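Asker: The following comprises the amino acid sequence and a computationally predicted model.
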Amino acid sequence: MRRVLKVGTAVLSVALVCSGCQSPTDPDDTIGVDDFVEASANPSPANASASTDGKTYRVARNNQPDDILLYDWKTTFSVTVTLNGQSTNKDLDLAFPVDITAVTAKVQQASGGIVTPPTGSDTEHYESVVVSSSGSQFSGANTSNNFTLDVWYDLPSLRKEALITISIGLKDKDGRIFTKTLDVKVAP
């Protein structure tokens with residue numbers, strides 16, 4: 001019985017030592033979205049001007065009628081999204097075609113490109129729409145799609161300088177989904 005116990009203890013000790021010898025996955029081996037999806041905006045920084053098309057938003061009020069207000073600012077810019085050569089990396093196992101499933105924008109007030117969150121109960125109001133697109137599908141590596149966005153916004157600071165975060169939803173043929181984000185600065 002002593003011999004079995006010693007052998008069992010020795011095997012357990014070797015197993016523990018060997019398991020401690022294994023190195024964790026090297027972070028350089030991980031492929032992130034930013035490694036195979038490129039995105040850029042034009043112009044950069046984007047320019048905004050006073051909104052003149054009558055686009056409005058609603059502010060709900062307690063025990064009072066809601067306010068319907070005009071957006072102060074509007075900006076228009078284009079975005080180019082490219083699946084680069086890394087998209088065919090065997091470790092990624094991306095199945096073509098890849099579809100663009102959604103494009104959303106989040107506007108935050110900023111100063112010098114730095115987000116300056118509103119204080120108190122103030123909030124940013126914004127709305128966006130894709131007004132044109134060259135397509136919504138990537139057929140293979142090194143292919144691109146372009147789209148143009150109109151973004152209307154109103155900030156508590158009353159200034160036009162902002163940071164717009166564009167989120168681009170993507171889905172490959174096998175149903176894998178991923179998101180690419182792009183920050184677009186709006187000049188003061």
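Answerer: Perfect, thanks for sending it. For clarity, every value in this text was computed on a predicted model and none was experimentally measured.

Asker: Name the residues that touch the longest strand along the chain?
Answerer: Across the chain, the longest stretch assigned as strand under DSSP state E is strand 98-111. Under the contact criterion C-beta atoms under 8 Å, 6 or more residues apart in numbering, strand 98-111 has outside partners 79, 81, 83, 87, 115-118, 124, 126, 128, 130, 136-138, 145, 147, 149, 151, 153, 155-157, 159, 161-173, 177, 185-186. Using the backbone N, CA and C atoms, a C-beta is placed for each residue, glycine as well.

Asker: Please pick the buried ones from those.
Answerer: Buried members of the contacts of strand 98-111, scored by 16 or more other C-beta atoms under 10 Å, are 79, 81, 83, 87, 116, 124, 126, 128, 130, 136, 138, 145, 147, 149, 151, 153, 155-156, 159, 161-164, 166, 168, 170-172, 185-186.

Asker: Just the ones of these in strands?
Answerer: Residues of these located in strands (DSSP E): 79, 81, 83, 126, 128, 130, 138, 145, 147, 149, 151, 153, 162-164, 166, 168, 170-172, 185-186.

Asker: Might one say that D53 is in contact with K74?
Answerer: Yes: between D53 and K74 a contact is recorded at 7.1 Å, counting by C-beta atoms under 8 Å.

Asker: So which of these two has more stuff around it?
Answerer: Neighbour count, other C-beta atoms under 10 Å: between D53 and K74, K74 has more, with 18 against 9.

Asker: And the pLDDT at that one?
Answerer: K74 is assigned 98 on the pLDDT scale.

Asker: can you check T143 too?
Answerer: Predicted confidence (pLDDT) for T143: 97.

Asker: Tell me who's in contact with it.
Answerer: Taking C-beta under 8 Å, 6+ apart, we find T143 in contact with T82, L83.

Asker: Quick check: the gap between F178 and R58.
Answerer: Taking C-beta to C-beta, to the nearest Å as the measure, F178 falls 34 Å from R58.

Asker: ok, now N42?
Answerer: For N42 relative to R58 (C-beta to C-beta), the value is 32 Å.
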